[in-house]
Structure formats: structure tokens, C-alpha cells
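>>> Okay, here's the prediction I keep looking at, along with the sequence it came from:
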2 protein chains.
Amino acid sequence: MDRIPILRMGRLLLVTIQIDLYDRLATNLETDLVQMVNKTEAKGVLIDISALSIVDSFMGRILGNIGSMSKIMDAETVVVGMQPAVAITLIELGLELKGVHTALNVEKGMELLKEKIGNYDEDLTEDDEDSTE
Amino acid sequence: MDRIPILRMGRLLLVTIQIDLYDRLATNLETDLVQMVNKTEAKGVLIDISALSIVDSFMGRILGNIGSMSKIMDAETVVVGMQPAVAITLIELGLELKGVHTALNVEKGMELLKEKIGNYDEDLTEDDEDSTE
């Protein structure tokens, strides 16, 4: 497998990372995600890492990168489902995931994004409102 | 990795299958999913298989099993993101995925489930209504 699927849900994109990201997979994910944000005009990116029981500095950097890239594409990033051991490792490695929000699980992450970006659901089919000016 | 993460979203469960399911992984997924349906009272299960470019009879059987198990737990199953080649193979193998609904992508799958099970979103925080009888 050389691609991680990105699921579109309204104005959100959901990515579930289930395996260790090696170089090409990580690069593909970054590229795909930025392109998807552009194509779908997504306002939020949810990254679920509940399947990861260990994390290294490479993975930490990738998460940070994705956060920064999304940010300049005007989308918020929330990392959800982090296991306690992963949080410990990230801090011990000195990676604070700046620019990335975190939440306990997908539901809480969605609530957080909802607050941040407004009611994304309602925008789904209302893209082409006619403005009469 | 020996577990595929199951994400809870309101009354739905979302599973993204990204790698080939070998025996133990498939058995774990079946068990975890049934337990999650029981624990969370989920009414719908969404299985995204967009990352699978090939499928064999084992995988087809697992999908069918999950559908049947969810059904007797009173939850609907929708398989989404099937690639054309996978659809061709499934039919050629004689696997019609009975009892499993399909949809083109996660969004359409969610709409389908919404129709089938009603507005699951609204039930999220209204589990403990007091019935005065």
C-alpha cells in the first residue's frame, strides 16, 4: 500500500493512520491531503492515530507538517485518539505539535472543529448561492 | 498491527480497511465491531474499502459476515468506496454481499444510513430521556 485513504465528510477530511508511515507514504499523504483540501475546500482535517502505539520523531514531524500545510490552506487540523504512551513519547522527544489541535476521540474532535469553523454541514450543498449585487 | 481501529461518530461506526485482512485481523475486527455495536448502541456501520485494489473470497466473506452480525445486532452495514475492479472481482467470485448495502463514498453512505436509521445525530445526547409513566 502506498496511499492512505482520505475520507471526505462535508467540510471535513478524515484520515486514519493505521500503520507506520515510511518516507514515501508520508510524502504521499502530505501531497494528497493538501490537494484534497484544495479540491474539496475542506475547512478541517481530522487525523485519527488511535492505532499507533508508538511514535517516533519522523511521525511527529509529519503530523506537524500536515498541520502547518493545512493552516496555510485555511484548514484546521485536529489529531485524535492519541494513546497515553504516544503523548509521553512526543513530549519526551520535544515535539509539541504546534499548530495542531488535539482531542480525545473522533467525536470530540468533530465538536472542536465545529466550534472552530462553524456549521460545516450546512455548507455542503449551498456552495452556489446567487448573490444579487 | 493486529487491530483495525473503529471510529465512533454519533450512532455510526466507521472502519477504514487499508490493508489486506489476514485471519487474526479479520477475526479481531468481527469481534471488536460486534462489541462496539453492543457498547455504543450503534445503528449503522460504515466500512470504507477505497484503499483496497484487490479482493479475494476471504475478504468478501468477512464483509458478508460483518453485515450479518451487525444485522442481528440491529445495525445496518454500508460498504463504501469500492473500486470498480473490486466490484468486478466480487461478482466474478459469486459474492453478492447479501445483507450489505453499498454506496459510492463515505458521504453517500452516511446519507443512505441516515435514511435507513433516521436522524442518528439527534439521538447522541438524548439517551436518558425520562419517561414518566
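Everything's here; your move.

>>> from what I can see A:Ala26 touches A:Leu63, true?
No. Taking Cβ atoms under 8 Å as the definition, A:Ala26 is not a contact partner of A:Leu63, at 9.8 Å. Just so you know, the C-beta spots here come from the backbone N, C-alpha and C atoms, and that holds for glycine as well.

>>> more crowded one of those two?
Using other Cβ atoms under 10 Å in any protein chain shown, the more surrounded residue of A:Ala26 and A:Leu63 is A:Leu63, with 25 against 20.

>>> Relative to B:His101, how far out is that one?
Distance from A:Leu63 to B:His101, counting by Cβ to Cβ, to the nearest Å: 34 Å.

>>> near chain B, which residues of chain A show up?
Residues of chain A lying close to chain B (Cβ under 8 Å from any Cβ of the partner chain) are A:1, A:3-5, A:7-10, A:14, A:16, A:18-19, A:48, A:50-51, A:81, A:105-107, A:110.

>>> Going by residue numbers, what spans are helices in chain A?
A:23-40, A:57-72, A:84-92, A:106-117 (DSSP state H).

>>> Between helix A:57-72 and the third one, find me the angle.
When axes from the mean of the first three to the mean of the last three Cα atoms, to 10 degrees is applied, the directions of helix A:84-92 and helix A:57-72 differ by 80 degrees.

>>> Run through who's touching helix A:84-92.
Where contact means Cβ atoms under 8 Å, 6 or more residues apart in numbering or on different chains, the residues beyond helix A:84-92 that reach it are A:Ile49, A:Leu52, A:Ser53, A:Ile54, A:Val55, A:Asp56, A:Gly60, A:Glu96, A:Leu97.

>>> rerun at 6 Å
Applying Cβ atoms under 6 Å, 6 or more residues apart in numbering or on different chains, the contact partners of helix A:84-92 are A:Val55, A:Gly60.

>>> do the same with stretch A:95-111
Against stretch A:95-111 from outside (Cβ under 6 Å, 6+ apart): A:46, A:48, A:60, A:63-64, A:67-68, A:71, A:77-81, A:112, B:7, B:9.

>>> Repeat the analysis, applying 8 Å as the threshold.
By Cβ under 8 Å, 6+ apart, stretch A:95-111 touches A:12, A:14, A:46, A:48, A:50, A:57, A:60-61, A:63-64, A:66-68, A:71, A:76-82, A:90, A:112, A:116, B:7-10, B:14.
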